[in-house]
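In: Turn this into a model:
(one chain, ligands or ions: 1)
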Amino acid sequence: MRIDVLTIFPEYLAPLGQALLGKAAAKGLVEIGVHDLRRWTDDVHRTVDDSPYGGGPGMVMRPEPWGRALAEVRRPGTRLVVPTPAGRPFTQAVAAQWATEPGLVFACGRYEGIDQRAVDDAAAHGPVSEVSIGDYVLAGGESAVLVMVEAVSRFIPGVVGNAESVELDSHADGLLEGPSYTRPAVWRGHEVPPVLLSGDHAAIARWRRAESLRRTADRRPDLLAGVELTAADRAALDA
Ligand SMILES: Nc1cc(-c2ccc3cc[nH]c3c2)n[nH]1
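Out: Residues are numbered from 1 along each chain as shown. Below you'll find the model as predicted:
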């Protein structure tokens, strides 16, 4: 998969070259390009912003640099992802879907955002997704892109060492994952739940499902609506 990021703060994306993703890039599983939007400005001051039409606080990113940058960086048909607090939710399911695509281009806004015409015009050259990573407001799109690139890359075969780990992640089955434990069996008087030491794999699977359901009901009851519950699930929730 090819990932390109357009930003006025390219150094903000340095973490993409580290750890899991850095190794994946080194293995050729993913190709990452970070591009300074100012390369496509047309004035000596390399201006990327201007005052908002209609008034209001702050500045808006000019459409022209974006138009030129996308024309050069984005292969026709490649999805353009635009992080924004006003976007549709970015979810595990969206990450899994995007991981099947040959490439993604991310547009990092700053200031009060990008002139909407740059985003709308991009739709003529491929799919455009305006997405939010949560109901809070950041100072720019870069942090959101780091989050989304990491979430998408974990679905690329070979990026995560243990493929089963991705399948068992929170939200993989629509539920939150339950608690995890490792040695020692007792730590500061806290015992590991005995079932996990029993070797009874069926009982362990039942316990883990029940813990996942209980945690989801407690912390994210909204997720339960999207999950088909078995009679055993309902019994676990009522216990
Ligand atoms: N989920 C979420 C996205 C953002 C975001 C995305 C882009 C820009 C550009 C300027 N401020 C921004 C904020 N905040 N929260």
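
In: When you work out contacts or count neighbours from here on, use the C-alpha atoms and nothing else.
Out: Fine.

In: Point out the residues in the protein that sit beside the ligand.
Out: Within the chain, the positions near the ligand by CA under 6 Å from any ligand atom are 83-85, 109-113, 132-141.

In: filter these to the buried ones?
Out: Neighbour counting with 16 or more other CA atoms under 10 Å marks 83-85, 109-113, 132-134, 140-141 as buried within the residues of the chain next to the ligand.

In: so which of the residues you listed would you say is closest to W40?
Out: G109 (14.9 Å; CA to CA).

In: The closest one sits in which helix or strand?
Out: Assigned by DSSP states H and E, G109 belongs to no helix or strand.

In: contacting residues around it?
Out: T7, M61, V82, P83, T84, G140, G141, E142 (CA atoms under 8 Å, 6 or more residues apart in numbering).

In: May I see the residues you listed organised as CSV, with pLDDT and secondary structure added?
Out: Formatted as CSV, the contacts of G109 follow (pLDDT from 0 to 100; DSSP: H, G, I helix; E, B strand; the rest coil):
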residue, pLDDT, secondary structure
T7, 98, strand
M61, 98, strand
V82, 99, strand
P83, 98, strand
T84, 98, strand
G140, 98, coil
G141, 98, coil
E142, 98, helix
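
In: What is whichever strand or helix holds L80 packed up against?
Out: Element membership for L80, per DSSP H and E: strand 79-89. Applying 3 or more CA pairs under 8 Å, 6 or more residues apart in numbering; DSSP states H and E, one finds that strand 79-89 makes contact with strand 103-107, strand 128-132.

In: For I32, give me phi and psi.
Out: Main-chain dihedrals, I32, degrees, to the nearest 10: phi -120, psi 130.

In: ok, and the closest non-adjacent residue to it?
Out: Spatial nearest neighbour of I32, excluding adjacent residues (CA to CA, 6 or more residues apart in numbering): I3 at 4.8 Å.
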